[in-house]
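Give me a 3D structure for the following:
(one chain, ligands or ions: 1)
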Amino acid sequence: MSGHVLALSGGVGGAKLAAGLGAVLAPGRLTVAVNTGDDFEHLGLTICPDIDSVLYTMSGRNDRQRGWGLADETWRTMEQLRSLGEEDWFNLGDRDMATHIARSWRLRQGASLSDVTAHLARAMGIGHAVFPMSDDPVRTQVCTPGGWTDFQRWFVGEQCGPAVTAVRFAGTPGAAMAQGFAEALARPDLAAIVICPSNPYLSVDPVLAVDGVRAALGLRQVPCIAVSPLIGGRALKGPLSKLFSERGLAGTNLDIAAHYGALIDHIVIDRTDAKDADALRTGGLAVTLSETLMKSAEDQARLARAVLAAVGVEC
Ligand code: FO1
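Presented below is the predicted three-dimensional model:
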């Protein structure tokens with residue numbers, strides 16, 4: 001089957017699969033709806049880390065070593081800000097800063113986040129649609145022993161150190177799906193929905209918390225396939241494995257599948273986790289084993305092809 005593909009993505013890992021899907025699908029066949037729960041205002045700028053990761057990775061500009069931001073980055077503005085006594089816990093590269101300035105300026109002129117993101121995607125030569133999950137502000141907050149904290153303060157400022165007892169998405173309910181996201185979900189030629197290998201609690205749940213998303217996924221007429229962020233039973237980067245243990249969970253693919261429940265029909269897991277396949281199948285899911293590590297653009301495209309083949313979508 002040909003048709004359109006809708007991908008739900010968070011930052012780094014999700015962005016890599018989004019880039020792979022973008023590379024193997026003809027221009028215009030992919031819509032990526034991106035988590036904006038990580039967004040925040042910093043030094044007068046609107047920062048949208050997951051949108052940035054998706055745009056930079058889909059356009060091949062991302063820094064693979066660091067995992068976020070642009071390749072070939074310099075940090076002179078940051079040094080200068082530090083010397084002026086400004087906050088320096090969140091690093092803004094010189095070239096990356098241009099994205100935040102352009103976004104903030106256009107938002108201040110009255111453009112929506114969808115319009116600004118579409119403009120940035122076009123400017124970066126991306127031939128697919130990239131939308132924020134919502135044009136309304138949604139802010140992920142984590143509850144730690146010190147109380148509720150904004151996501152980036154905990155993630156970058158505290159290096160994910162304090163234990164998390166609860167997560168909330170301020171602005172939900174009440175945040176509407178971005179029009180482009182809602183339109184992609186309703187397309188008559190929609191062939192599949194892909195949940196990218198992002199953190200289910202911190203990156204995918206905010207997307208699912210947007211008004212109408214869970215209901216629309218519940219009524220889907222097409223397969224919804226999730227790609228597990230686990231490799232060898234652990235998240236490669238980020239706090240997912242820590243969050244699992246803080247919840248008293250073993251943190252295997254069974255926990256990922258249980259978390260998504262009836263929202264998914266199919267899961268792609270890494271070959272190193274083949275031992276989980278039988279139990280997942282017994283639970284009613286179709287399972288595809290693949291190499292899910294994405295070190296290069298070729299890896300991204302290979303995994304994208306495996307995901308699309310698993311749900312019978314031609315590329
Ligand atoms: N992540 C860090 O670990 N440290 C940083 O200083 C940092 C700065 C940053 C600036 C712009 C941007 O778009 C992303 C940035 N990130 C940084 C990544 C970001 O905090 C997280 O990777 C995501 O929010 C989680 O998906």
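
Is residue 22 within a helix or a strand, and which one?
helix 12-24 (DSSP states H and E).

neighbouring strands for the following helix or strand past that helix, and are they parallel or not?
Next helix or strand after helix 12-24 toward the C-terminus (DSSP H and E): strand 30-34. Here strand 30-34 is paired, per DSSP bridges, with strand 4-9 (parallel), strand 129-132 (parallel).

how far off strand 30-34 does the helix holding residue 22 point, in degrees?
Helix 12-24 runs at 170 degrees relative to strand 30-34, counting by axes from the mean of the first three to the mean of the last three CA atoms, to 10 degrees.

ok, how many other residues are close to whatever residue of the chain ends up closest to the ligand?
At 2.7 Å from the ligand, residue 11 is the closest residue in the chain, using CB to the nearest ligand atom. For glycine as for every other residue, the C-beta is placed from the backbone atoms N, C-alpha and C. By other CB atoms under 10 Å, 27 other residues sit near residue 11.

Stretch 103-110: how far from the chain's middle?
23 Å (CA atoms, centre = their mean, to the nearest Å).

For the closest residue to residue 59 other than its chain neighbours, grab the count of nearby residues.
Nearest residue to residue 59 in three dimensions, chain neighbours excluded: residue 124, at 3.9 Å (CB to CB, 6 or more residues apart in numbering). Residues near residue 124, counting by other CB under 10 Å, number 15.

who's in contact with residue 124?
55, 56, 58, 59, 61 (CB atoms under 8 Å, 6 or more residues apart in numbering).

7 Å - rerun?
By CB atoms under 7 Å, 6 or more residues apart in numbering, the contact list for residue 124 reads 55, 59, 61.

Likewise for residue 14?
Counting by CB under 7 Å, 6+ apart, residue 14 makes contact with 196, 197, 198, 203.

quick one, strands of the stretch 1-150 of the chain?
Secondary structure of the stretch 1-150 of the chain (DSSP state E, counting those that start in this stretch): strands located at 4-9, 30-34, 40-42, 45-47, 129-132, 139-144, 147-150.

would TSV of those with mean neighbour count be doable?
As requested, the strands of the stretch 1-150 of the chain are exported to TSV (neighbours: other CB atoms under 10 Å):
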stretch	mean neighbour count
strand 4-9	27
strand 30-34	28
strand 40-42	15
strand 45-47	18
strand 129-132	25
strand 139-144	20
strand 147-150	14
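
Can you add distance to the ligand and give those back as JSON lines?
Output for the strands of the stretch 1-150 of the chain, formatted as JSON lines (distance: least, CB to the nearest ligand atom, whole Å):
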{"stretch": "strand 4-9", "distance to the ligand": "10"}
{"stretch": "strand 30-34", "distance to the ligand": "10"}
{"stretch": "strand 40-42", "distance to the ligand": "8"}
{"stretch": "strand 45-47", "distance to the ligand": "6"}
{"stretch": "strand 129-132", "distance to the ligand": "13"}
{"stretch": "strand 139-144", "distance to the ligand": "9"}
{"stretch": "strand 147-150", "distance to the ligand": "11"}
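
Mind putting those into CSV with distance to residue 255 and mean pLDDT?
As requested, the strands of the stretch 1-150 of the chain are exported to CSV (distance: least, CB to CB, whole Å; pLDDT from 0 to 100):
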stretch, distance to residue 255, mean pLDDT
strand 4-9, 19, 98
strand 30-34, 24, 98
strand 40-42, 28, 98
strand 45-47, 30, 98
strand 129-132, 28, 98
strand 139-144, 19, 98
strand 147-150, 24, 98
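
for the residue lying closest to residue 166 once chain neighbours are set aside, which residues make a bridge with it?
Excluding the flanking residues, the one nearest residue 166 by CB to CB, 6+ apart is residue 143, at 4.0 Å. For residue 143, the beta-bridge partners are residue 148, residue 166 (DSSP bridges).
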